[in-house]
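**Student:** Below are the sequence and a predicted model; questions follow.
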Amino acid sequence: MERGEAKSKKAGGPPRLCCICNEKRPVLKRPKTLQQICRECFYEVFEEEIHQAIVNNGLFKSGERVAIGASGGKDSTVLAYVLSELNRRHSYGLDLFLLSIDEGITGYRDDSLETVKRNELQYGLPLQILSYKDLYGWTMDDIVKMIGLKNNCTFCGVFRRQALDRGAALLKVDKLVTGHNADDIAETVLLNILRGDIARLSRCTSITTGEDGPIPRCKPFKYTYEKEIVIYPFAVSNPHHTYAYFKKLDYFSTECIYSPNAYRGFAREFIKDLERLRPRAILDIIKSGEDFRIATTTKMPEQGTCERCGYISSQKWCKACVLLDGLNRGLPKMGIGRARGGGVNGGDHKKETKAGSTVKTLETKQCGSLDF
Ligand SMILES: Nc1ncnc2c1ncn2[C@@H]1O[C@H](COP(=O)(O)OP(=O)(O)OP(=O)(O)O)[C@@H](O)[C@H]1O
């Protein structure tokens, strides 16, 4: 039995000493393990686990240029901070950049981008911003005016994925990292099972994806719990940290105003309920997702390039071009779900699929998807 634990058993109350260092008073119960620990040990294990995820999975090579997808929200802000700290501390030898996509959502993204601009100065990382308006000629405000709230996340997700790739190409980076955390991944495993989407299920637990595409994407927070990411900015008070000594990290915490997210919301709540009963549930769901084996007879989409813009696509036109074409022709529903006719990939989809498989043209996908 550990020293701190022994004392607490005698006293019959919570441990009087941190159960990691056995020296300091515990100030929090660690959400991932329910251990009572001190502040210093919390951020030490928090950062060390991320370092281990990076090292054990060989996420980076020395000399690489890496863009951090920076939305100004808590996950990517903590990621930018921790990654620049680890890069210095462990001499990863990375050139880090912040890459932000401005979707054109008034009262949401404009405010969160102000946060990223402050982060640029606080962390000393160069920032590149790309907007939907410049890339596609449409803002999300315009799109929502035309199509309403129902399917807007599909447009936003498809456009963002491509916008991040284009930003990464502009910055000439070798990799893109995002702030997707363990909760996001567990939620996506569950959603892919509920939708029977075997292609996405097979890749959504990978810590690195898109190695066959324009730019590999990594998720250093694959094993990091959302609850700990929320606590972390307040726990950072280590004099060895170059920034944030007794300071909160600066991030924007408002939810997207256009994201109704009902289905994903249920999955999220379900996982939170499981986590309350058993914190390991999140890691177990990720493990289950990893252990699924895809039958060799399952037809997977074949990668090619979009005939219109040259972006990676399993069909004649990529998803962004189909959606954009619909918007420009005043037929925004054309590329979504079961809409028929008119579209390059949409009308007679089975004929258009290069691989000859029955891959859906586009399905309504909510924000927060790992496949954005
Ligand atoms: N507009 C954006 N510009 C750049 N990167 C983005 C943008 N939106 C999302 N990302 C990246 O995708 C990750 C997951 O996005 P999601 O929309 O699920 O937000 P989230 O879980 O609230 O994350 P965050 O707290 O960082 O906003 C983010 O952590 C970030 O790395």
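**Tutor:** Good, I have the coordinates.

**Student:** pLDDT value on F246, please?
**Tutor:** What the model reports for F246 is a pLDDT of 35.

**Student:** Contact partners for the residue nearest to A168 when sequence neighbours are not counted?
**Tutor:** In space, A168 comes closest to I215 once its chain neighbours are excluded; the distance is 4.4 Å by CB to CB, 6 or more residues apart in numbering. Placement of C-beta: from N, CA and C, glycine included. Taking CB atoms under 8 Å, 6 or more residues apart in numbering, we find I215 in contact with 165, 168-169, 173-176.

**Student:** out of those, who has the most neighbours?
**Tutor:** Of all these, A168 has the most neighbours under the rule other CB atoms under 10 Å, reaching 25 neighbours.

**Student:** who does the strand or helix carrying that residue touch, helix- and strand-wise?
**Tutor:** Using DSSP states H and E, the secondary-structure element containing A168 is helix 152-171. The helices and strands touching helix 152-171, judged by 3 or more CB pairs under 8 Å, 6 or more residues apart in numbering; DSSP states H and E, are strand 65-69, strand 95-102, strand 127-131, helix 132-136, helix 140-147, strand 175-177, helix 319-328.

**Student:** Dump these into JSON lines; add distance to the ligand and mean pLDDT as well.
**Tutor:** JSON lines is the format used below for those (distance: least, CB to the nearest ligand atom, whole Å; pLDDT from 0 to 100):
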{"stretch": "strand 65-69", "distance to the ligand": "3", "mean pLDDT": "98"}
{"stretch": "strand 95-102", "distance to the ligand": "4", "mean pLDDT": "98"}
{"stretch": "strand 127-131", "distance to the ligand": "8", "mean pLDDT": "98"}
{"stretch": "helix 132-136", "distance to the ligand": "10", "mean pLDDT": "96"}
{"stretch": "helix 140-147", "distance to the ligand": "10", "mean pLDDT": "94"}
{"stretch": "strand 175-177", "distance to the ligand": "7", "mean pLDDT": "98"}
{"stretch": "helix 319-328", "distance to the ligand": "15", "mean pLDDT": "93"}
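
**Student:** In which helix or strand does the residue nearest to A168 reside?
**Tutor:** Assigned by DSSP H and E, I215 falls outside every helix and strand.

**Student:** That one and the ligand: what is the separation?
**Tutor:** I215 sits 13 Å away from the ligand, going by CB to the nearest ligand atom, to the nearest Å.

**Student:** quick one: that residue from K175, how far?
**Tutor:** 7 Å (CB to CB, to the nearest Å).

**Student:** And A168, by the same measure?
**Tutor:** 8 Å.

**Student:** can you list residues touching both of these two?
**Tutor:** Counting by CB under 8 Å, 6+ apart, the shared contacts of A168 and K175 are 67, 215.

**Student:** low-confidence ranges in the stretch 151-300 of the chain?
**Tutor:** 235-248, 260-261, 294-300 (pLDDT under 70).

**Student:** Let me know whether R30 touches F42 as I believe.
**Tutor:** Yes: in terms of CB atoms under 8 Å, R30 counts as a neighbour of F42; the distance is 6.4 Å.

**Student:** what residues do these two have in common as contacts?
**Tutor:** Joint contacts of R30 and F42 (CB under 8 Å, 6+ apart) are E228.
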